[in-house]
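A.B. asks: could you look at this predicted model? Sequence included:
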Amino acid sequence: MSVRKFSINADGLLEIKINTMMKNTFLYLFILVGFATFAQNATLKGQLTDKDADNQPLPFANVQIKGTTTGTTTDLDGLFSFELAPGTYTIVFSFIGYETIEVPDIQLKAGEIVTINQALGAGAFQLEAVEVTTTVTRESESAILTEQKNATIMQTKIGSVELSRKGVGDVATGLTKATGISRESGKFYIRGLADRYNNAYLNGLPLPSLDPKLKLIDLEIFSTNIVENLGIYKTYSPHLYGDFAGASIDIDTKDNPGNGYFEIEIGSSVNTTAHFNDFFLLNGSKYDFFGVEDGSRRPPSLLKAFRAIPDLIYDSRLVPIWQFDTSYNPSERFGDPNLNVAINAGKRFKLGDEARLDVIVNGDFSQQHKASLEGLDVALNAQGETLQSSFFGDDFKKYEFSTNATLLGSFVLRTDVHNKLAYTVLLVNDTTDEMREISGVAGENTDNIFKVRRGTFSQNTLQTHQFTGQHFFDQRKFEFNYGGSYSRATGNVPERRQLFFTELPDGRTLFSKVGANNNSDNHRFFQNLDENDYSARVSVDINFGKNEDDVYRHKFTLGLNVRDKSRDFSAQQINIFFDELSTTPVDFFNPDALLSRENFERKIFHVEEFVRPTNSYKADLRNHASFANIEYQFSDRLTVNAGLRVEDYRQRVFFAPEGLVGVTEVETIDEEFYLPSLSVKYILNEKSNLRFAASQTVTLPLFTEVAPFLDEEINESTLGNVLLEQSDNFNVDFKWEYFPDRSEIISATAFFKYLDSPIEKVRVASVNNNVSFVNSNEALVAGVEVEYRQKLSKLLGGSEYSLWNDLYFGFNATAMFTEVDIDPEVTIGNGASIAPTNLTRKLQGASPFLLNADINYVKQFGKHNLSTTLDVNYFDDRIYAAGGNEVDDVYEKGFATLNFTLRDEIGDHFVVKLAGRNLLNPDIERYQDQRSIGREITVSKFDLGADISLGIIYKF
Amino acid sequence: MRTTKLFLGLILATSLVFQSCTENDESIDSIVIEGDTINNNGGDTGGGDTPPPANEIIELQGNITSDLTLESANTYELIGGVTVVDGVTLTIQAGTRIIAGNQGGVFSFLLIAQGAKIIAEGTSSQPIVFTSNKTTPNAGDWGGLIVAGKAPINRGATATAEVASAIYGGTDPADNSGILRFIRLEFTGGKINADSEFNGLSLYGVGNQTIVENIQVFQGLDDGFEFFGGTVNARFLVSVGAQDDSFDWTDGWVGKGQFWVALQSSLEGDRGIEADNLSANRLAEPFSNPLLSNITIVGVEDGDGGNQGILLREGTKAQIYNGIVKGFASRGLRIQNTETVDNFNNGDIVIVSNIIDNVNPFVLESADATATFVTPELKNTTGPITLSQSVIGVSTENFTDPTTLDDWFQAAPYIGAVRAENNWMAGWVRF
């Protein structure tokens, strides 16, 4: 180690650059020379930061004066300070799992305050006798593993470092890197438990979903640029809401700018299917490219005008005024590669000796194309043939263009190391423009070919404001945490346009499904979902029982949570009546020629509003919860957490029942839940732990599952069930974990869940082949998870200097057994039975086997700091939909996703990223396992295309 | 029902503040607003003292929860879905007029729920008429008449109807939903949702003690008559201008039918008879297997060239005697799907003494089809046959005496539904 360069920077600070030849990296050392004081001693203070995590503070690291016993550890914010007699010292910085750095020749004069800010990074592993007693939040993988090791409850975290190493751009994809998690068609399956069993939090406060049919918000809308880490709680602890079974995901947003940064990222990507073929969408707004809908898609204002007149429904024949800016022809749009831009900035403002304000702003805009040109979509009966109401859509094309804009602001005020106040604001605008074209032989009349074109533009927005505070009292004996959040979410469909066509045996194509006579097939649809979500949390930690090292051994936590959420949902639809056009041949690619303004004004065809009272509903929930938890360290090895949460829960859905005029009904679930939990950690030795957790939790139905609202898709309609109740869940986990070395882990978990009356989606014995939701008898989930991450050199027994030393290999796998018992007598709210095909089967969405694996190569070549990752996710076949009336269950066929990421940090300013996603581009297939005829028949098929992206980050 | 639990004090005193706030709302525990009022404008329509003056429209709304008689002196209007609930009898006097429409998109209908009864006995000169409330009526102006019973179906132990979430089906073949006689249902077929419209008369799991005779559906936007399982028998049925199928059965209907007439309109129409066992499972039991005699099914071209006379499909069985099928652009009588063709080959579909005067008269849709239709034993012919007023006329050759088929059948020694010399449609049927 030698001193390379001295300079005085613009702030009058003495800046010393040190070249640590050993690591061949630049380290920055800032020495701030303060004004002299009249004190006898000198003060040495500073901050340790994590080089591997954008220089965020590194807490609990050791700071030692070489050759003495004088030393200290850094606090939560990486700060340290001690007084020394004047002299020349060598300071040693070290931390478990990090390099040890010596800074020589620190000269201290009487009365001086010397500040040393030091970054620590990867280094030879040295186990230090560091007692880590508090859960801390870190980004780097090794720090996260250290945290995981030391935590008294079971948790998994994925840090931003791992996310960026694997080239993950959004939170949803990031989660699929964790054990036992898979994702398909925007839905999460955690240990085989689908959306209903999972919840999302932002900084510990609950997040509303934007999709009325889902409980978990679409995590794809969160760019990883805003993420410090993703916490995955697969075991329950009482500070979480009791609606828990699979996992609760906590997105911890960045709030610490370290020493400040400003970077700009520009990137572009292409999708092999979407960009290498012509790309079609319906027309729309001028600014769709940016995800801004300018009002072109909207219901005609006459709808509203007609509403004001009793007993009159909008019928364009009465007022043939053309009020549409959009039409039905497909057009080539947005053929260019995707654009991705991000700006990330962070700065620390010192407000006096100790106080400081940390500001982080992340802005992110990205686009995505997807296309599938050789898909399939059909619904089959028990004989494996096309269902009457369906058609054999073996010509299936799907195009999707989506945009995401995210703005995160984080303002954290630390008055001193004991008090922290934070305001976080998150704004998200997410749009998806999708067009599907499906053609195939009609089930009803096999002489005809039905064709449908459906274009859906959906726009989700979220604005969240959070205010949180953390205060320590009495030398950290008491910790006081609180937070309040207001979120407003909208989930809108500004317009959906759908047209059916029939190709007759004589070659003519006519509008609509000839012979099927259904006006709703041809429509414009508009949906608004508006959700307001208020939540608050307050908790107090009381530490007690200091040990001989002056460290608290026990902790008692008391807390309150309140959540108040309301939803307003409404949908409108206009149906097209073809009148004189119903026998006029039409060009499938040019329906606008006939559905023209002129023909509309001349009343050659007309439109009517299709009113259904069930198209609107309101819903709210209110949850008042209190919890208590005690963490008790029985010995150096054994720590027990025991807690109880009590929730006073009320959920109401207000709806208009079908067929009744001017009537509103309300369905209420009003319950008190008592949810005990227990978590035990036993430290086997310095490198391994045994853990046990058990809890009782609940799973609550969604608003839409309760409201008797009929939700109509192309091949399936879903009806809510007013009789639906919550299920009670009993969870047990048993885990062994072993941390052989830095960044290494081997763990195995056995888990067991018993779900009493689980909610399941089933086919109802109804004339329309509706699906609905019922409480099944019971379900059993039992499984084993293993996680493994090590240097390949260890695995292959290579020497310390071999290539293998730079290669890390990791995988996690989950094997599961699930079984559901269905009560054939169960009926839905209107009394209909469900005619289940199988009375015992696997749990919906549960794959018997899941695997995530990756190989990571990290190497420095001169100025290049290279990280390359190849990762693969695989899930085994799982039930997609349970059958009824002898129609067998539909399975989702398992497939593997292969991704490649290369990240090269060139010098101090540039990072180049090259990534290939979904490189195998497998067909995503569903099949009906029709055992009565001994066949597995494909009912759905599409692919996503592979994505190749290139991005450049410039750091100022 | 809800007990106050304040033991939280054990855990945390402060939480009491919260919890107690929420304990005072027992009143909103379960609000169910039932539309069980009958707005009778002050009068007691349940057989009261002073009947309201004639020509005044009496509104019916929500559930009818006690026995009620609709009197011929009045006009009644259905407001939204009107349901006669379990245990209640609705009586309608001959000649009563009931109008219906939609209220902000809620199409009115009358549902006779499981366990309820309707006694609606019109006469040929004084039929009971359900019609549109519009001055210029159109098909689809209101819903239709729905009867739900407890006779067996094959869709499940019980099932839900297309409309009103009505439950139907059960284990009582001899279930009795009452009497429907001389009724005309006009301009039915309002929309229920994207997949469904109301049929004129929907018979869901109706039992064979129910009497269904002399019913007409005029200008319905969906099917004329539809049988969803059950055992009910029906005669003297007329469907005119149904824009979907004139007659339709599914879900395991096993009743009998005689004297059925279907006449399509040029506006729109599909099949004369569309017959399913069960689309989701063609082998579901009990199989649809009605016994029909003396039917006249007449098609009219509506522009798409796709109309068919009789379509037997999705595994149905059937015995059809003495039928006339005429004027369908696509096919006369068609048997579709392997399971249905198997039924024909096995003798579970019996087609005897029919005249199919049509292009493509008989179509068997399977390479395995071994049977033929036109044999001396089966006595089927391809016509031609001449009909007056589109549907009147019979053939006295090759007929099978229906009284030999089952005691229920009335004597009718001819092929066809309506003999000119005995026009049973006179007086109450509208064209």
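C.D. replies: Yep, it's here.
A.B. asks: residue of chain A closest to chain B, please.
C.D. replies: Going by C-beta to the nearest C-beta, chain B is nearest to A:V611 of chain A, at 2.4 Å. Every C-beta, even on glycine, is put in place using the N, C-alpha and C of the backbone.
A.B. asks: that residue touches A:D315, doesn't it?
C.D. replies: No. Between A:V611 and A:D315 there is no contact under C-beta atoms under 8 Å: 11.3 Å.
A.B. asks: out of these two, name the residue with the larger neighbour count.
C.D. replies: Comparing A:V611 with A:D315 by neighbour count (other C-beta atoms under 10 Å in any protein chain shown), the higher total belongs to A:V611, at 20 against 15.
A.B. asks: which SS class is the more buried one?
C.D. replies: coil (DSSP: H, G, I helix; E, B strand; the rest coil).
A.B. asks: so what's it up against?
C.D. replies: A:313, B:104-106 (C-beta atoms under 8 Å, 6 or more residues apart in numbering or on different chains).
A.B. asks: quick check: it vs A:R307, distance?
C.D. replies: Distance, A:V611 to A:R307, by C-beta to C-beta, to the nearest Å: 9 Å.
A.B. asks: for the residue in chain B that chain A sits nearest to, which non-adjacent residue is spatially closest?
C.D. replies: Nearest to chain A, among the residues of chain B, is B:G105, at 2.4 Å (C-beta to the nearest C-beta). With C-beta to C-beta, 6 or more residues apart in numbering or on different chains as the criterion, B:G105 has its nearest non-adjacent residue at 2.4 Å, and that residue is A:V611.
A.B. asks: just the CA trace of the one helix or strand B:I99 maps to, in PDB.
C.D. replies: Using DSSP states H and E, B:I99 sits within strand B:97-100. Only the C-alpha atoms of strand B:97-100 are listed here, as PDB (Å, rounded to 0.1, in the frame of the first residue of the first chain):
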ATOM      1  CA  ARG B  97    -101.900  -8.700 -19.400                       C
ATOM      2  CA  ILE B  98     -98.400  -8.400 -18.000                       C
ATOM      3  CA  ILE B  99     -96.000  -5.900 -19.400                       C
ATOM      4  CA  ALA B 100     -92.200  -5.700 -18.900                       C
END
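A.B. asks: list the helices and strands that strand packs on?
C.D. replies: strand B:75-84, strand B:109-112, strand B:128-132 (3 or more C-beta pairs under 8 Å, 6 or more residues apart in numbering or on different chains; DSSP states H and E).
A.B. asks: what's next to the very next helix or strand once past the first one, contact-wise?
C.D. replies: Note on strand B:75-84: by DSSP H and E, the next helix or strand toward the C-terminus is strand B:89-92. Identification of contacts with strand B:89-92 by C-beta under 8 Å, 6+ apart yields B:64, B:67-70, B:84, B:98, B:112, B:116-121, B:128, B:178.
A.B. asks: out of the contacts of A:V611, which is most surrounded?
C.D. replies: Highest neighbour count within the contacts of A:V611, by other C-beta under 10 Å: B:V106, with 25 neighbours.
A.B. asks: do I have it right that that one meets A:P613?
C.D. replies: Yes. The pair B:V106 / A:P613 is scored as a contact, 5.9 Å apart, by C-beta under 8 Å.
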